[in-house]
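In: After the sequence you'll find the predicted model.
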There are 2 protein chains.
Amino acid sequence: MSKELPEWEKAREEFVVQWGSLGTQWGIPRTMAQIHALLMTAPEPMCTDDVMERLEISRGNAHTNLKDLVGWNLVRIITKKGDRKEYFEAEKDVWKIFITISKERKRREIEPAIHLLRDCAARTKDEATGPGKDFHQQMQDLDEFLSFGVKVADTVISMKHASALQWAMRLLG
Amino acid sequence: MSKELPEWEKAREEFVVQWGSLGTQWGIPRTMAQIHALLMTAPEPMCTDDVMERLEISRGNAHTNLKDLVGWNLVRIITKKGDRKEYFEAEKDVWKIFITISKERKRREIEPAIHLLRDCAARTKDEATGPGKDFHQQMQDLDEFLSFGVKVADTVISMKHASALQWAMRLLG
DNA sequence: TCACGCTTTCATTAAAAACTGAAAGTAATG
DNA sequence: CATTACTTTCAGTTTTTAATGAAAGCGTGA
C-alpha cells in the first residue's frame, strides 16, 4: 500500500474521486473532472507525470484531458525556467470559474441551439394557420427565451464578483 | 419512401433530428432529446406507437425515454376515455420548461455537489495552516458559491414569468 | 376466467465514448 | 548534429451507455 497521507489529503482524495462521479452525471468525462478537482486543490502546479501518478491513468489520457481543460480556460500552463516540463494550474477563484464555464457553455451549447431555432422559424414564417403556425410560434418562443438568457448571461459575465453579489442580494432581499 | 410532408413538418423533422444531436453534447441521450422535441412540437398528444413510428425506434426505447421524460416532469400522461392507451403531451410553455429543468438539475446535480463539499470542508475544519487550510477554504468557497446559486435559483423558480422578466429587464436596462 | 390490448422489464446486441501504450514528433542543449 | 527530455498522436482495446425485441406483467371486459 501507499504511504500514510495527512488528513487533508485524504479528504482531497475523496473530493477528487467524488467530483469525478458527479462529473459523469453532468456529462463531463470522469477523468477530466478528476483532474480538474485535483488541480483546483493543488498547492502547486502539477506536471503530466504528477497527474498520471496521482490518478493512476495513462499518459495519453492525462495529456488529452489536461489540454481539454486548457481549452476550456479552466487550467493554464505554467513554465518554470530551467525546466522543460509544462506545469498545469487551475483557476481557483470560484467567480472566475463560473464566468469561464458560462461563457463556454453559451458558445458551445446555447448558440448552436439558437441557430437551429431561427432556421426552423424562418422556414415556417409564412405559415398562417393551424399546426404550421403553432410550430413557428414554438420555435420563436424558444428562440426568444434563449436569446434573452444569453443577454442576461452576458451582463452577469461582464460583472465583477462584488457587483454581481450586490445585485443578487437585492433580488433575494 | 414515405409520403410528401407539409413544409412545416419538414422543418419539424429537422428540429427533432438536430435537437437530438444538441442533446448528446449536453449529456442527454439522443432519443430522449428527440422525443422531447417531437412532443414539444406535437399538435396533439402522441402514444408510444406514434413515437416509435415517427422516430423509427424500438418499443423499449420509446417507452423508457417517454417515462424518463415524465420523470423529469417535462411530459405528462394523458388518458382518453374509451381508450386504454396512454398518450404523452409535453409542456410547451418555455418558462415552465425552464423552471422544471432548473428544479431537477438543482436536485440531481447541485445538491449532491454541495453535500460533498460540506463533507470535505467538515473533515478539514481543524486545519490551521498551509495546504490543509487552503483546501478547507477552497471547499468552503465552492460550497458558498453553489449554495448562493441555489438560493438565487429558488427565488427565480418561485417567480411568475412576468415578474422574472421585469426583474431581468431592470438588470439589463 | 380467459383473451385482448397495452405497458413494462430485461437479457442481449450495438454503438459510442473513454483509455492505453507505444511510436512519432519537437525543440532545447551540449 | 545527435542526444535528451519532454509533448503529441493514434490505432487498438476496454468500458460504458443506449437500443433492441421478445417475453412477462397487468388490468379490463366479454
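Out: That came in fine, so what should we check first?

In: contacts, neighbours, all on C-alpha from now
Out: OK.

In: Correct me if wrong: A:I35 contacts A:D50.
Out: No. Counting by C-alpha atoms under 8 Å, A:I35 stays clear of A:D50, with 10.7 Å between them.

In: neighbour-wise, which of these two wins?
Out: The neighbour comparison of A:I35 against A:D50 (other C-alpha atoms under 10 Å in any protein chain shown) goes to A:I35, with 25 against 13.

In: now the strands for chain A?
Out: In chain A, the strands defined using DSSP state E lie at A:46-47, A:75-79, A:86-90.

In: Out of those strands, indicate the one that is most buried.
Out: When the strands of chain A are scored by mean count of other C-alpha atoms under 10 Å in any protein chain shown, the highest mean neighbour count falls to strand A:86-90 (a mean of 21).

In: Mind listing residues that contact it?
Out: Residues from elsewhere that reach strand A:86-90, judged by C-alpha atoms under 8 Å, 6 or more residues apart in numbering or on different chains: A:36, A:39-40, A:42, A:44-48, A:66, A:74-80.

In: and A:K125, backbone torsions?
Out: phi -70, psi -20 (degrees, to the nearest 10).

In: residue contacts, it?
Out: By C-alpha under 8 Å, 6+ apart, the residues touching A:K125 are A:133, A:136.

In: What sits closest to the most centrally placed residue in chain A if chain neighbours are left out?
Out: In chain A, the C-alpha closest to the average C-alpha coordinate belongs to A:I101, at a distance of 3.7 Å (C-alpha atoms, centre = their mean). Once flanking residues are discounted, A:I101 sits nearest to A:W72: 7.5 Å by C-alpha to C-alpha, 6 or more residues apart in numbering or on different chains.

In: gap between that neighbour and A:E104?
Out: Noted for A:W72: a distance of 7 Å to A:E104, by C-alpha to C-alpha, to the nearest Å.

In: Report how many residues lie close to the closest residue to A:T31 other than its chain neighbours.
Out: Leaving aside its sequence neighbours, A:T31 sits nearest to A:G20 (C-alpha to C-alpha, 6+ apart; 6.5 Å). When neighbours are defined as other C-alpha under 10 Å, A:G20 has 23 of them.

In: Would you mind giving the strands of chain A as CSV with mean pLDDT and distance to DNA strand C added?
Out: Shown next, in CSV, are those (pLDDT from 0 to 100; distance: least, C-alpha to the nearest atom of the strand, whole Å):
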stretch, mean pLDDT, distance to DNA strand C
strand A:46-47, 98, 15
strand A:75-79, 97, 11
strand A:86-90, 98, 12
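
In: now for those strands, which one comes closest to A:G27?
Out: Closest to A:G27 of those, according to C-alpha to C-alpha: strand A:75-79, at 18.9 Å.

In: and the closest one with strand A:86-90, angle?
Out: Orientation check (axes from the mean of the first three to the mean of the last three C-alpha atoms, to 10 degrees): strand A:75-79 against strand A:86-90 gives 140 degrees.

In: how far does strand A:75-79 sit from the chain's center?
Out: Chain-centre distance of strand A:75-79: 17 Å, with C-alpha atoms, centre = their mean, to the nearest Å.

In: What about A:H115, how many residues nearby?
Out: 12.

In: Please parse chain A into its domains.
Out: If you go by automatic domain parsing, the domain ranges for chain A are A:7-90, A:94-172.

In: Show me which residues of the helix or strand bottoming out on mean pLDDT in chain A are buried.
Out: Across the helices and strands of chain A, mean pLDDT, DSSP states H and E gives its lowest value to helix A:161-172, namely a mean of 92. For helix A:161-172, burial by neighbour count (16 or more other C-alpha atoms under 10 Å in any protein chain shown) applies to A:A164.

In: Tell me the buried residues in stretch A:105-119?
Out: Across stretch A:105-119, burial judged by 16+ other C-alpha under 10 Å covers A:106, A:110, A:113-114, A:116-118.

In: er, stretch A:42-60 I mean
Out: Under the neighbour-count criterion of 16+ other C-alpha under 10 Å, stretch A:42-60 has A:42, A:45-49, A:51-52, A:55 buried.

In: Please enumerate residues in contact with that stretch?
Out: Contacts to stretch A:42-60, defined as C-alpha under 8 Å, 6+ apart, come from residues A:35, A:39, A:62-63, A:78, A:85-90, B:131, B:134.

In: measure the residue of chain A positioned farthest from its centre to A:F135 for me?
Out: Relative to the centre of chain A, and counting by C-alpha atoms, centre = their mean, the farthest-placed residue is A:T129 at 42.2 Å. A:T129 sits 10 Å away from A:F135, going by C-alpha to C-alpha.

In: now swap in A:N73 and tell me
Out: Applying C-alpha to C-alpha, the value for A:N73 to A:F135 is 38 Å.

In: before we move on, what about A:C120?
Out: To A:F135, A:C120 is 9 Å away according to C-alpha to C-alpha.
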